[in-house]
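Colleague: Task: produce atomic coordinates for the following.
(chains A and B)
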Number of protein chains: 2
Amino acid sequence: MIQQAMQALETVILDSVTSDVKTLHDASRHILEAGGKRVRPRLMLLSYLACGGTQIERVLPAAAAVELVHTASVVHDDINDHGVIRRGRPSVNALWGRTFALLTGDFLFTKVYELMAPYKDLNIVLSEATVALVEGETLQASAVKDNNFSRQVYYDIIARKTAALFRSAAHMGGDLAGADKTTVEALRLYGFNVGLAFQIVDDVLDLTADTEQLGKTSGIDIQQGRGYAVAYAVNGEAKGQAAVAEPSADPMTAIREKMLAGEAVKEGYAQANMLKQAAVASLDVLPASSYKDSLIELARLVVERDH
Amino acid sequence: MIQQAMQALETVILDSVTSDVKTLHDASRHILEAGGKRVRPRLMLLSYLACGGTQIERVLPAAAAVELVHTASVVHDDINDHGVIRRGRPSVNALWGRTFALLTGDFLFTKVYELMAPYKDLNIVLSEATVALVEGETLQASAVKDNNFSRQVYYDIIARKTAALFRSAAHMGGDLAGADKTTVEALRLYGFNVGLAFQIVDDVLDLTADTEQLGKTSGIDIQQGRGYAVAYAVNGEAKGQAAVAEPSADPMTAIREKMLAGEAVKEGYAQANMLKQAAVASLDVLPASSYKDSLIELARLVVERDH
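Modeller: Numbers count the residues shown, from 1 in each chain, chains lettered A, B, ... in the order given. Next up is the predicted model:
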């Protein structure tokens, strides 16, 4: 069921970005056909199925909308960060330039409205998450600019820019299956904690993995003065160890090496695992099913992935 | 009634962009408090009232949404065009820089979802217009890049980037007042033609008015190789006259001077007036009222304004 649904989702996603304006059509498909993990729509579909939902086609447009919000944000991110590789391909920015990348992101954001039109009240749920995402990105840019990246700021950033959208995906899945309030709240908590874990692991991988493995430019967080490693360096246990680079050394390489030598990676995974356990625990309210098992498995994979 | 409604609209607009993320809060208010003409929401509110609507507070969130779509697009435009003045103030781009301007535009786009959540089917109407707007901007950037700006391309661009949103505003106003299909269709036509006239006059003013008068950087169209003057020059009657600059002259100044000396301005106004008359004629289906008169007056002012 879930595999069929994920395949059907691809069609809904690609059909939603059809346009007679060639650049928008091509650039949208370029980034969407590259795949990506589709973890947010998968989480929504599994939440729906785990709550007993049977009309998967009713959920697909919302699942596509969540993926489009995420994709719009990465297209705009790559403008601001000068990211040249995304999902294993040249970024929209790299291929079409800044002006068209900005418009492609806008196009994806506006297509979300179209997809969400049938879901009256759930528009509030998704719009809260989308606003939070933009706020999180802005907090991140501000923290970098003002040089006040700390752990507390880091958690506020990832809660908004990543975990809020995961939470809304789980919420919508449960709600569309007719789940009761307690169950929807449990799914929201699951989504939120999975989202936090996902972002911490993402940031650790930015440190430990290379560009080929990630399918996007690696090491970009330290270069931009942000992310888990920087938050860890600024006020973690490793402060004296890692925050300051050797004089005359490349600061980026120096921070990276010290992070890898120290406890940062280990601590990042410890936190991600803790969040995964909390996420799984909140699924206790759901009846046993293969879909519930898949939600548990999804939480595990979010932490244990290598890219 | 309309004046009270327009005042109430300001509150709805400003309340909608509240955020604890200071940059988004400040930058959104900076651009929104600068005012602007508010012609799109005014057109929606007048359409609603002219169709006998009496619960203006039901229309205000949709009217605010239309203004936010427009504002998001100008904030992003100013990034791509390097516009430094907007609505008589420094642009968001000029004050906060490119990264924050991009995020502020995204923030405004995402706030539109929130405002539109109560309007189930009308989400389709607004999303079509918003997609068209982004498509129009993209066609424009492509035409400049490929150097194929012609009159036909010009009309396709302004139909999408401007007239579609005017059309959707009139549509939503009529629909929310419970107008029948024929009336809604007439209002759509009115909005579309007013929108075309608005953009042609905007482009002529870009040529004839100065930055102080416009409240935004003037002469930007010729500089960017687009707009009415360029379309006119490329395949209008004035082709030989205007398309090519004197050798060694500043091409921008040369095109501008030849446009002003020739028939371009006169022809632009002739077209705008024709569209205004078509717009007014389509209002025949509406019963006589002071609001109908105001719609007629709005069409006149769109053409006769000096900024």
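
Colleague: Please count neighbours and contacts with C-alpha atoms only from this point.
Modeller: OK.

Colleague: Next one: the one helix or strand A:G136 maps to, is it in contact with chain B?
Modeller: Using DSSP states H and E, A:G136 falls within helix A:122-146. Yes - residues of helix A:122-146 contacting chain B under C-alpha under 8 Å from any C-alpha of the partner chain: A:122-124, A:127-128, A:130-131, A:134-135, A:137-139, A:141.

Colleague: most neighbours, which of the residues you listed?
Modeller: Greatest neighbour count in the residues of helix A:122-146 next to chain B, by other C-alpha atoms under 10 Å in any protein chain shown, goes to A:T130: 30 neighbours.

Colleague: Let me see the contact set for it.
Modeller: Contacts for A:T130 (C-alpha atoms under 8 Å, 6 or more residues apart in numbering or on different chains) come out as A:V69, A:A164, A:L165, B:T110.

Colleague: Restricted to helices, list those.
Modeller: Among the contacts of A:T130, the members found in helices (DSSP state H) are A:V69, A:A164, A:L165, B:T110.

Colleague: And the helix holding A:G136, how far out from the chain middle?
Modeller: Mean C-alpha position of helix A:122-146 versus that of the full chain (C-alpha atoms, centre = their mean, to the nearest Å) differs by 12 Å.

Colleague: Over to stretch A:51-70?
Modeller: For stretch A:51-70, the distance to the chain centre is 17 Å (C-alpha atoms, centre = their mean).

Colleague: Would it count as contacting chain B?
Modeller: No - residues of stretch A:51-70 are not located near chain B by C-alpha under 8 Å from any C-alpha, the shortest gap being 9.7 Å.

Colleague: Tell me the buried residues in that stretch?
Modeller: Within stretch A:51-70, the residues that count as buried by 16 or more other C-alpha atoms under 10 Å in any protein chain shown are A:51-53, A:56, A:59-70.

Colleague: What residues does the stretch 1-150 of chain A have near chain B?
Modeller: So far as C-alpha under 8 Å from any C-alpha goes, the stretch 1-150 of chain A lies against chain B at A:21, A:23-24, A:76, A:80, A:98-100, A:102-103, A:106-107, A:109-111, A:113-114, A:117-124, A:127-128, A:130-131, A:134-135, A:137-139, A:141.

Colleague: And the residue of the stretch 201-307 of chain A closest to chain B?
Modeller: Nearest to chain B in the stretch 201-307 of chain A, going by C-alpha to the nearest C-alpha, is A:Q224, at a distance of 12.9 Å.

Colleague: who's in contact with stretch A:47-59?
Modeller: A:5, A:45, A:170-179, A:187, A:286-287, A:289-292, A:295.

Colleague: Pull out the buried members of these.
Modeller: Neighbour-count burial (16+ other C-alpha under 10 Å) applied to the contacts of stretch A:47-59 gives A:5, A:45, A:170-177, A:179, A:187, A:286, A:291-292, A:295.

Colleague: which stretches of chain A aren't confidently modelled?
Modeller: Residues of chain A that meet the criterion pLDDT under 70 lie in A:232-259, A:261-262.

Colleague: which residues in it form strands?
Modeller: A:85-86, A:89-90 (DSSP state E).

Colleague: Comparing those, which comes out most buried?
Modeller: strand A:85-86 (a mean of 21; mean count of other C-alpha atoms under 10 Å in any protein chain shown).

Colleague: Neighbours of A:G97, how many?
Modeller: 12.

Colleague: ok so, going back, among the ones in helices among the contacts of A:T130, which one sits closest to B:S16?
Modeller: B:T110 (10.6 Å; C-alpha to C-alpha).

Colleague: is it true that the closest one touches A:L126?
Modeller: No - in terms of C-alpha atoms under 8 Å, B:T110 does not count as a neighbour of A:L126; the distance is 9.4 Å.

Colleague: Could you check how far stretch A:182-189 is from the centre of its chain?
Modeller: Centre-to-centre, stretch A:182-189 and its host chain are 19 Å apart (C-alpha atoms, centre = their mean).

Colleague: Buried residues of that stretch, list them for me.
Modeller: A:T183, A:V184, A:E185, A:A186, A:L187, A:R188, A:L189.

Colleague: what sits up against that stretch?
Modeller: So stretch A:182-189 is contacted by A:S47, A:R167, A:S168, A:A170, A:H171, A:G174, A:D175, A:A279, A:S282, A:L283, A:V285, A:L286 (C-alpha under 8 Å, 6+ apart).

Colleague: what do you get if the cut-off is 7 Å, keeping everything else the same?
Modeller: Contacts with stretch A:182-189, where a contact means C-alpha atoms under 7 Å, 6 or more residues apart in numbering or on different chains, come from A:R167, A:S168, A:A170, A:H171, A:G174, A:D175, A:A279, A:S282, A:L283, A:V285.

Colleague: A:V84 versus the spatially closest residue to A:N147 that is not a sequence neighbour, what's the distance?
Modeller: Leaving aside its sequence neighbours, A:N147 sits nearest to A:G225 (C-alpha to C-alpha, 6 or more residues apart in numbering or on different chains; 8.0 Å). Taking C-alpha to C-alpha, to the nearest Å as the measure, A:G225 falls 18 Å from A:V84.
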